[in-house]
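Enquirer: structural data only, the sequence is not supplied:
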């Protein structure tokens, strides 16, 4: 019964929370639908943490998604041993790259006096959970070998069974504990979405393309004491 809670009940709860609370937050407190950037408080460490984190995690997530939606193609890539080794090497390297990035972001929140006061409890929960998730994924890549292949015969059918509302935990229960943790913790992160700054990944500002212009007028002092006025067209910021 406890296994059913982790691998059947909890994933559905996490998705319902992510969608329901996410929509509620968007329509009731849209201003909070952002990354709440602290770049103006400290920029250097943010750059060295944010760049490897974002690029690394995006490529990893895309690879996971492709393996889920086009499983036959993904399996065909592994029919050649050399390709399998390359995929494993690239995946492990990206995992290390991403782990270094999230570590820098965590350390930044700890050591910088200006950033630490604006870090909320949910920020810490999110950062620690992301750190655990990436560390678990890297451990799997290094010590539970060929995960990019057996992913297709374990995680993919389990996720498909959940999506088809006929969950089967027999794909998951025989796996090592670290793999099962990695799978369940992915849904923990999904459940955390509406309560944290993770929601900003859904705020792609495409509406800027069709927003009307506004006129911005400024005054600029010149060395001779005269003032010059000008105007320009800018997109609305909100």
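Expert: That came through fine. On a predicted model such as this, the values are computed, not experimentally measured, just so you know.
Enquirer: pLDDT weak spots in the chain?
Expert: Along the chain, the model assigns pLDDT under 70 to residues 1, 30-42, 200-238.
Enquirer: at 50 instead, please
Expert: For the chain, the stretches with pLDDT under 50 are 206, 208-209, 224-238.
Enquirer: all strands for this protein, in order.
Expert: For the chain, applying DSSP state E gives strands covering 213-221, 227-235.
Enquirer: distance from the chain centre to stretch 169-181, please.
Expert: Here stretch 169-181 is found 23 Å from its chain centre; the criterion is C-alpha atoms, centre = their mean, to the nearest Å.
Enquirer: typed the wrong thing, it's stretch 109-126
Expert: 18 Å.
Enquirer: which of the residues in it are buried?
Expert: Buried residues in stretch 109-126, counted by 16 or more other C-beta atoms under 10 Å: 109, 112, 115, 119, 123, 126. C-betas here are computed from N, CA, C, even on glycine.
Enquirer: could you dump these into JSON lines with distance to residue 43 added?
Expert: Converted to JSON lines, the buried residues of stretch 109-126 look like this (distance: C-beta to C-beta, whole Å):
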{"residue": "109", "distance to residue 43": "14"}
{"residue": "112", "distance to residue 43": "10"}
{"residue": "115", "distance to residue 43": "11"}
{"residue": "119", "distance to residue 43": "16"}
{"residue": "123", "distance to residue 43": "18"}
{"residue": "126", "distance to residue 43": "21"}
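Enquirer: and of the residues you listed, the nearest to residue 134?
Expert: Using C-beta to C-beta, residue 126 comes nearest to residue 134 of those, at 12.4 Å.
Enquirer: what about the residue nearest to the closest one when sequence neighbours are not counted, how many neighbours?
Expert: In space, and not counting its chain neighbours, residue 126 is closest to residue 196: 4.5 Å by C-beta to C-beta, 6 or more residues apart in numbering. Look at residue 196: counted by other C-beta atoms under 10 Å, it has 18 neighbours.
Enquirer: and the gap between residue 196 and residue 165?
Expert: 28 Å (C-beta to C-beta, to the nearest Å).
Enquirer: do residue 88 as well
Expert: With C-beta to C-beta as the criterion, residue 88 and residue 165 are 33 Å apart.
Enquirer: between these two, which one's more packed in?
Expert: Neighbour totals were compared for residue 88 and residue 165, and residue 88 leads with 18 against 7 (other C-beta under 10 Å).
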